[in-house]
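Engineer: make a model of this:
(chains A and B, ligands or ions: 2)
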Amino acid sequence: MPLMSDIVAHYQSQFEQHRNAWSWSGDHSWQAWRQAGWNAFVARGFPSQRQEEWKYTNLAALEKLLLSCEPCVPDPLIWDRLAPQILLPTAQRIVLVDGVFMPQLSRLQELPSGVKVEPISAGAQRQGVYLRDLLQQACHTTPFGALNTALVSEGVWISLEPDAAMLEPLLVVHVTTRAHRATHGVNIIELADRSKLTVVEQSIGLTDQPYFVNLVSRWSLGESAQLEHIKLQQEGERSYHIALTQASQQRSSQLSSHTFALQGNLGRNDLQVSLQAPGAFVRLKGLYRVGGKQLQDIHTSIRHESPDCGSDESFKGILADSGRAVFNGKIFVAPQAQRTVSQQSNHNLLLSDLAEVDTKPQLEIFADDVKCAHGATVGQLDAEQWFYLRSRGIEAALARTLLIEAFALDIVASVPAYPVRTALEELLRGLIHE
Amino acid sequence: MSLKAAARLLKRAQREFTGNETRRVDLGFPITQNGMKMLIINNLHAAVGEKPILKGIDLEVRAGEVHAIMGPNGSGKSTLSNVLAGREEVSVTAGSVQYLGQDLLALDVESRARAGVFLAFQYPVEIPGVGNVYLLKAALNAQRKHRGLPELDAMDFLALVKDKMKLMEMNESMLYRSVNEGFSGGEKKRNEILQMAVLEPRLAILDETDSGLDIDALKIVSHGVNSLRSPERAMILVTHYQRLLDYIKPDYVHVLAGGRIVRSGGPELALELEKQGYSWVAQEGQEAQRGSGNATHE
Ligand SMILES: Nc1ncnc2c1ncn2[C@@H]1O[C@H](COP(=O)(O)OP(=O)(O)O)[C@@H](O)[C@H]1O
Ligand SMILES: [Mg+2]
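Structural biologist: Ligands and ions are numbered 1, 2, ... in the order given. Take a look at the predicted model:
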């Protein structure tokens, strides 16, 4: 037994104190499932920069925080503070606050037929075996995934029957109001054959004190299913946001996912997509934005396991002050995955000499008939463009802002859902003009 | 001189009479009158990095005048244009520039634009993601605001821009594209003149606006420029070829070589250049550099 580090010992005491506290997972099977998660976490240990996956992301500050995982009763009167942050106020939504499902803040009365949205606590008994299996596959692959299994408090379970369609965006909102806590949540999205869903996932912090949000998402797309996903990270000033998403795609399914890591002290998004049958197509896009001493880390992995699949990936970053970012984009093309078409790009805009980005494409191609392109750039604002705008009378600072906006809005422009796109444009403009 | 001005006024009156005059908005400039000194460049020296490029330019431009600056490639024409527009990479090492009675070199880029200086770029810049219409509106309103005028509302603004686009024979769809992105060479130059038409500057500097234009585009651009000629506006046409001057008649022609104006004269000088080429100019330029130049000034 290796010597347990302080932070692992801390989470162990949290695990032992609270493992029975979530009533939906009180039975023996769920307890065994949590225990397996805990064991996996101990085996992996808390990540350090010696590990390749964490080479550029320093978690020392998170490691020093002794955060509580105790279940809490959220203040139901937070609506006034939350409402202005909700991207689409009239959309159907499910809201979790500090890891607790809040029916009074959610709006789930007008879901189309064939669309089910519920907290996992509601389905835990009915579908225990199924849920445990589903989550276990994802969680044990990373240390924080394993920790999530041990300590998960609540989650969102969205499932669509074959041919069901929800074209109006559905909001999934994770809110943190209390500081000095670690919240472990999950999101499950299951799209049966030919079903369609647009989902907007918002992670919102309503405290400027330290906290940690650790999310695990599992998505499965059946034949010809279509998922449009938009994630908005709007965490607090001293937050840690770590999220692992795993998606599997069947024949002719289409996944479009946009990640906007806009606010927060440290963010890490792992996006892992597996294309398992011909015709599956994934588009991963995203924008990260850091200032001060913030860090955003994007790790993507797209596995082409089958012939005739496509992937289109493009992430952009805006880095100011001493901000840091990491982009690692892995593309794996299996030997049988002939006629793969894959495109990846990562462009970074450095607004300060102190900002830094580590960008790395990682292509592992074992098939011979493939079209794979990738490219990464790190640059500054274009002096010619800046001069041009100013020469028309536009003030220097505004000209700069316009150029940053142009760089960023390109990613927003590829969001297919119109109401989401316009709301995002407005949000982003507001942030850039701050 | 005064005859010429009278002829221009007459022409303008005719344009108004035939309804060809385009829509104008009050930009709130200080009043400039025909003949008033607008730009006085005195012994201007400028360098890019360590490299001296302009080596003593003297030039006076009065309201209502059109000056052509011609010269071989690399003689410093764009550098002069850029110094006037305020490009920071070019450093002024000696001399002065007075514009409407103020020290132009003391102003930053955007203040010069707001004071009515406009540069049509030799190579207009592509700005993906910034809409053409957005740039026009932001620029016009920034300039209006600076002069204490209310911003134009969306309706008035669009009406104004569409009007000017007709003049430049531009398709309205270009408004909604990114600035110059994917525009052909001719479209970019037309877009420059469109901006000029919307912003209605006092002093317009057109840097090789003719280069890369086919004859039809040249006519459209020239028509646009001519329609902006007015007694209270001055223009500096920078060009390598005489061709543009067939369409836009200058009052004066200057020859720039080796960073100095080596010859000045009337429109006939351009024709002379057309016949003789620039080789003699290069020679005079070298003499000028040796400090024994016998450049003729007015
Ligand atoms: N940014 C620059 N860096 C170095 N040299 C420059 C730069 N801009 C212009 N020059 C040099 O200055 C001289 C004049 O250039 P320019 O003003 O563009 O001439 P023109 O417009 O008459 O063709 C040329 O020798 C050119 O190489
Ligand atoms: Mg030039």
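Engineer: residues contacting the closest residue to ligand 2 within the stretch 51-200 of chain A?
Structural biologist: Residue nearest to ligand 2 within the stretch 51-200 of chain A: A:Y56 (44.7 Å; C-beta to the ion). For every residue, glycine as well, the C-beta is placed using N, CA and C. Each residue near A:Y56 by C-beta atoms under 8 Å, 6 or more residues apart in numbering or on different chains is listed here: A:49, A:297, A:324, A:326, A:358.
Engineer: tell me the pLDDT of the residue lying closest to B:A139 once chain neighbours are set aside.
Structural biologist: Leaving aside its chain neighbours, B:A139 sits nearest to A:R392 (3.7 Å; criterion: C-beta to C-beta, 6 or more residues apart in numbering or on different chains). With respect to pLDDT, A:R392 scores 97.
Engineer: correct me if wrong: A:R392 contacts B:Y134.
Structural biologist: No. With contacts counted by C-beta atoms under 8 Å, A:R392 stays clear of B:Y134, the gap being 11.2 Å.
Engineer: neighbour count winner among these two?
Structural biologist: The neighbour comparison of A:R392 against B:Y134 (other C-beta atoms under 10 Å in any protein chain shown) goes to A:R392, with 25 against 18.
Engineer: distance of the more buried one from ligand 2?
Structural biologist: As judged by C-beta to the ion, to the nearest Å, A:R392 and ligand 2 stand 20 Å apart.
Engineer: what strand or helix carries that residue?
Structural biologist: Using DSSP states H and E, A:R392 maps to neither a helix nor a strand.
Engineer: give me every residue that touches it.
Structural biologist: A:R392 neighbours (C-beta under 8 Å, 6+ apart): B:113, B:135, B:138-139, B:142, B:195, B:199.
Engineer: pull the contacting residues for B:G212.
Structural biologist: For B:G212, the contact set (C-beta under 8 Å, 6+ apart) comprises B:185-186, B:189.
Engineer: mark which of these are part of helices, please.
Structural biologist: Under the assignment DSSP state H, the contacts of B:G212 contribute B:185-186, B:189 to helices.
Engineer: please pick the buried ones from those residues.
Structural biologist: When those are checked for burial by 16 or more other C-beta atoms under 10 Å in any protein chain shown, the buried set is B:186, B:189.
Engineer: for the ones in helices among the contacts of B:G212, give me JSON lines that also has pLDDT.
Structural biologist: Converted to JSON lines, these look like this (pLDDT from 0 to 100):
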{"residue": "B:G185", "pLDDT": "90"}
{"residue": "B:G186", "pLDDT": "90"}
{"residue": "B:K189", "pLDDT": "94"}
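Engineer: circling back to that earlier point, so which of the contacts of A:R392 reach ligand 2?
Structural biologist: When C-beta under 5 Å from the ion is applied, no member of the contacts of A:R392 is adjacent to ligand 2.
Engineer: any idea which of the residues you listed is closest to A:Q125?
Structural biologist: B:A138 (59.1 Å; C-beta to C-beta).
Engineer: got phi/psi on the closest residue to A:A383 other than its chain neighbours?
Structural biologist: Counting by C-beta to C-beta, 6+ apart, B:E89 is the residue found nearest to A:A383 once chain neighbours are left out, at 8.0 Å. Main-chain dihedrals, B:E89, degrees, to the nearest 10: phi -70, psi -20.
Engineer: A:L134 is in what secondary structure piece?
Structural biologist: Element membership of A:L134 [criterion: DSSP H and E] is helix A:128-139.
Engineer: and what about A:V117, helix, strand or coil?
Structural biologist: strand (DSSP: H, G, I helix; E, B strand; the rest coil).
Engineer: returning to that earlier point: pLDDT on the helix holding A:L134, on average?
Structural biologist: The pLDDT scores in helix A:128-139 average 85.
Engineer: repeat that for stretch A:364-373.
Structural biologist: Per-residue pLDDT over stretch A:364-373 has a mean of 96.
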